[in-house]
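Student: Show me how the following folds:
(2 chains)
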Amino acid sequence: MGQDVTPRSSKLVSLPLRYALSPGVAVMLVLSIISGITIAFMETARHTGELTMWTFAKPHYDIYVPAVDDWNTEGKPEVDMFLIGRQVMDRRMLGGFLGEVPTADLLEAERSSASLTFAGPLDAVGFVDLTDSLEEEGLLVKINKPSLSPWTYEGRIFGIPHDVHPVMLAYRADIIEEAGIDMQAVETWDDLYRVLRPLQQRRSDGDPMDRYVMSLWDSESDMLETLLLQSGGGAFLPDGTLAIDRDINVKTVSHMVSWMIGPDRVATHVPEFSPTGDQLKLDGHALCYLMPDWMCNVWRYNVPSLEGKVKLIPLPAWEPGGTRTSVWGGSMLGIAKTSSKQDEAWEFAKHLYLSEELALDLYRSGDIITPIREHWDNPVFAEPDAYFGGQRKGLMYIELADSVPNRPATPYFKQAREAVQNAVSRTKQEAVAQELYTPEQIEPIAKRNMELAHIQVKTIVDANAFLRSDSEEVSP
Amino acid sequence: MTKDTKVAPYLFLAPFLVLFLVFTLVPLFQSVPLATQHTFGPDASIDVGMEKFSRAFGDPRFWTALRNTLVFTAGSVLIQLPVALALALVLNRKHILGRGVFRLLFFSPQLVGLVFVAVLAMVMFQKQKGLVNSILAGGADLIRGLPVIGGWLPSKSEILGIPWLETLAMPALIITALWMYAGFNMIYFLAALQNVPKELEEAAMIDGAGPIRRFFAVTLPSIKPVAIFVVLLSVIGSIQVFELAYIMLPEGMGLQDSGLTLVTYLFKNGFEIGDLGYATAIGWLIAALLSVAAITQRILNRSEVRL
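Tutor: Purely as a prediction, here's the structure:
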């Protein structure tokens, strides 16, 4: 074949190397070399210590800095602490655990992150089993018992709890007390709606904003879970068995949906962590809010102008004499199995999580109650809080800490929470369509939707081949 | 042929080939056995055969995700592309004042990026205080006094409470994608329109063809190859939609799975449930869907060449 019939593309390929270094390519090459060198010499996070720790929350990080500095000046194995985005940490943690490649020695994980590690066999959990150490050193009795439950998988404990996170009810004291209503007399949810319903208003010329008693909506899965747990329900039994469709859940969902719909509607949607929600709080769109201890801090910074206008009471019970609190959120500190310095990491974990100084800083800087019971007598917790109308908020939360519901460690709690949320949403939609507004009328719809939610999550659980007795592991 | 002419192409191809081999081809081959296992790391894997694939076909949520993805894709192609073409046609006219500014405005969502647009859209679609509902409520107030429509309109509270991000996730996603990508596709159409032979248009005009006739008889056939390419890009991009839904919607999917897409479902199974096998199986099914789209485009292109 002659040269003249060579395809055009072949001619391009046969260009000598010197043509490739045209001025444009040369500029790009120079730029890439300069940027490469810059990146190579850029100052990155210091990593000189013998131990590393990852945390996902900036407030936690800031609180830990003095404790880490103290530890590092005591001549012990130096710790480098890194602040990592939660989702990034999830990926790196799970990737490290599954691939058995090093992660940090210590990882502070939120409940949804830590639970990811419980999806396989017990011996494949990437965290070190701390049960024996906690027992032998007498630490178990020092820690608030319900706070251990999210980190206890098949009877073994894989982390030290960071918090208790009891939940109270925050209310707009400026509006409610002006109306002459005594919130201390409220014992049940029925009481709450009976006494506050007269304060509801609909948008009109005189009233620029709708006002409802309660901030609760089907799009807020955390709130739904909090109330289910308070009622004695929840998606799982204490042993981790899936039980979305049990009667207590159906009843609770029927009540919650009845609050959100119909002519006697008492609930509205005020999203948390959103400027829209903050503005609605300022407008008094809802009078009452679920308030875990950590949320006090969120309000303090996001809606500072409500200082002195908000007060707390224990959650109204579902029945007279019933539980007056629940739980929302939670984190733990665990040690990676891949750590080559597990003993040193354990010593540091105790230094960080069990110290009184940290407990006080957690409360002062983050409004968080420590799970270490021996620190609860500290006078800091009895100080009046100006934001909450001078109430001794710390003591109020501590009084509820023992009653916080247990939450079993399961990798499927997020899927269960989503399925329950969808069941609530469908129940709400169907009840509105059929104009059924009382809990008794709504219950059959709720039952059907909760059964469907149960089946949906059970399908996911059943797909876990590690839970089947006839499964056979294959070699890598 | 000199030595450097032989080496040059391989040298320039090498960086891509190495990265493609390490980060695409090897994982692709590794994903084949992964889709047949339930795994929790290399030391804990159970062979489950084709169970993950058969599970997908019997999984109502997979079908919901597929349906939502196809709805989003249809919305992207049937709404976004005509809008993009219309914008291109308008901004291709020389006598439009501020033509460059409009082009920049429509293209600007691409400059700020998908995450920024998604966050803004999330704020705009909020209930009570969101811009979209506020505009709708304001518009409703203007016509509320009219005799028939006024009585039919929902109350202001109901309009302000329209749950775009909860149960109306798909319309919210399609509108946001329209905002994000209409300007981007407009650029392709603008480039194509500028290559439409002027003599053909002039000949049609002399023959008495009006603007609509000229559009269908001259402009559209001339830009057809580009249009098919843009459709393919939109279809592939839409089938892979993830970031918009993940950022905008509660739990990344809205309520009642109203915004659950295939890639979101893959992500949830792989990284929230930890079922990498099932996530991989879904990934292969998405790949099959994308292949169908690509093959269809090739067939359409071939028929175009024959024409």
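Student: Just the C-alphas of stretch A:376-395, formatted as CSV.
Tutor: As requested, C-alpha coordinates have been extracted for stretch A:376-395 and formatted as CSV (Å, rounded to 0.1, in the frame of the first residue of the first chain):
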residue,chain,number,x,y,z
TRP,A,376,-23.3,14.1,87.3
ASP,A,377,-22.9,15.5,90.8
ASN,A,378,-20.7,18.3,89.5
PRO,A,379,-22.3,21.8,90.3
VAL,A,380,-21.9,22.8,86.6
PHE,A,381,-25.0,20.8,85.7
ALA,A,382,-27.0,22.7,88.3
GLU,A,383,-26.2,26.1,86.9
PRO,A,384,-29.2,28.1,85.7
ASP,A,385,-29.3,28.5,81.9
ALA,A,386,-30.3,31.9,80.7
TYR,A,387,-31.3,30.7,77.2
PHE,A,388,-33.9,28.4,78.8
GLY,A,389,-35.4,30.9,81.1
GLY,A,390,-32.9,30.2,84.0
GLN,A,391,-33.9,26.6,84.3
ARG,A,392,-31.3,24.1,85.7
LYS,A,393,-31.3,22.3,82.4
GLY,A,394,-28.3,20.0,83.1
LEU,A,395,-30.0,18.5,86.2
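Student: And it, what's buried?
Tutor: Going by neighbour count (16 or more other Cβ atoms under 10 Å in any protein chain shown), the buried part of stretch A:376-395 is A:376, A:381, A:385, A:387-389, A:391, A:393-394. C-beta: built from backbone N, CA, C; applies to glycine.
Student: try stretch B:99-112
Tutor: Neighbour-count burial for stretch B:99-112, with 16+ other Cβ under 10 Å as criterion, is recorded at B:102-103, B:106-107, B:109.
Student: with those in mind, which one is nearest to A:Ile160?
Tutor: The closest of these to A:Ile160 turns out to be B:Pro109 (Cβ to Cβ; 46.1 Å).
Student: of all of the stretch 201-350 of chain A, which residue lies closest to chain B?
Tutor: Closest contact between the stretch 201-350 of chain A and chain B, by Cβ to the nearest Cβ, is at A:Thr276 (4.3 Å).
Student: Next, count neighbours for that residue.
Tutor: Here the neighbour count serves as a burial measure; for A:Thr276 (other Cβ atoms under 10 Å in any protein chain shown) it reads 17.
Student: Downstream of the helix or strand containing it, the next helix or strand is which one?
Tutor: Secondary structure assignment for A:Thr276, by DSSP states H and E: helix A:275-283. Remark: after helix A:275-283, the chain's next helix or strand is strand A:286-292, criterion DSSP H and E.
Student: can you redo the buried residues of stretch B:99-112 as TSV with distance to chain A and secondary structure?
Tutor: As requested, those are arranged in TSV below (distance: Cβ to the nearest Cβ, whole Å; DSSP: H, G, I helix; E, B strand; the rest coil):
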residue	distance to chain A	secondary structure
B:Phe102	30	helix
B:Arg103	25	helix
B:Phe106	27	helix
B:Phe107	24	helix
B:Pro109	21	helix
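Student: Let me see the contact set for the residue in the stretch 101-250 of chain A positioned nearest to chain B.
Tutor: Among all residues of the stretch 101-250 of chain A, A:Gly120 sits closest to chain B, at 3.0 Å; criterion: Cβ to the nearest Cβ. Neighbour list for A:Gly120: A:466, B:40-41, B:44, B:274 [criterion: Cβ atoms under 8 Å, 6 or more residues apart in numbering or on different chains].
Student: if we go to 10 Å?
Tutor: With Cβ atoms under 10 Å, 6 or more residues apart in numbering or on different chains as the criterion, the residues that contact A:Gly120 are A:97-98, A:126, A:411, A:464-467, B:38-41, B:43-46, B:274.
Student: count of neighbours near A:Gly138?
Tutor: When counting by other Cβ under 10 Å, one arrives at 8 neighbours for A:Gly138.
Student: Per-residue pLDDT of it, please?
Tutor: The per-residue pLDDT reported for A:Gly138 equals 95.
Student: hmm, back to that, tell me the two of the buried residues of stretch A:376-395 that are most distant?
Tutor: Spatial extent of the buried residues of stretch A:376-395 (Cβ to Cβ) is set by the pair A:Trp376 and A:Gly389 at 22.3 Å.
Student: Now the residue of chain B found nearest chain A: closest residue in space that isn't a chain neighbour?
Tutor: Nearest to chain A, among the residues of chain B, is B:Phe40, at 3.0 Å (Cβ to the nearest Cβ). Leaving aside its chain neighbours, B:Phe40 sits nearest to A:Gly120 (3.0 Å; criterion: Cβ to Cβ, 6 or more residues apart in numbering or on different chains).
Student: Which residue ranges of chain B form strands?
Tutor: B:37-39, B:45-47 (DSSP state E).
Student: got JSON lines for the ones you listed, with mean pLDDT too?
Tutor: Converted to JSON lines, the strands of chain B look like this (pLDDT from 0 to 100):
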{"stretch": "strand B:37-39", "mean pLDDT": "87"}
{"stretch": "strand B:45-47", "mean pLDDT": "87"}
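Student: elements contacting the helix or strand containing A:Leu395?
Tutor: Assigned by DSSP H and E, A:Leu395 falls within helix A:393-401. Packing contacts for helix A:393-401, counted by 3 or more Cβ pairs under 10 Å, 6 or more residues apart in numbering or on different chains; DSSP states H and E, involve strand A:167-172, strand A:286-292, helix A:293-302, strand A:310-314, helix A:356-366.
Student: that older thread, where does the residue nearest to B:Phe40 fall, phi/psi-wise?
Tutor: Comment: the main-chain dihedrals of A:Gly120 come out as phi -120, psi -160, following degrees, to the nearest 10.
Student: and the longest helix for chain A?
Tutor: Scanning chain A for the longest helix, with DSSP state H as the assignment, gives helix A:439-462.
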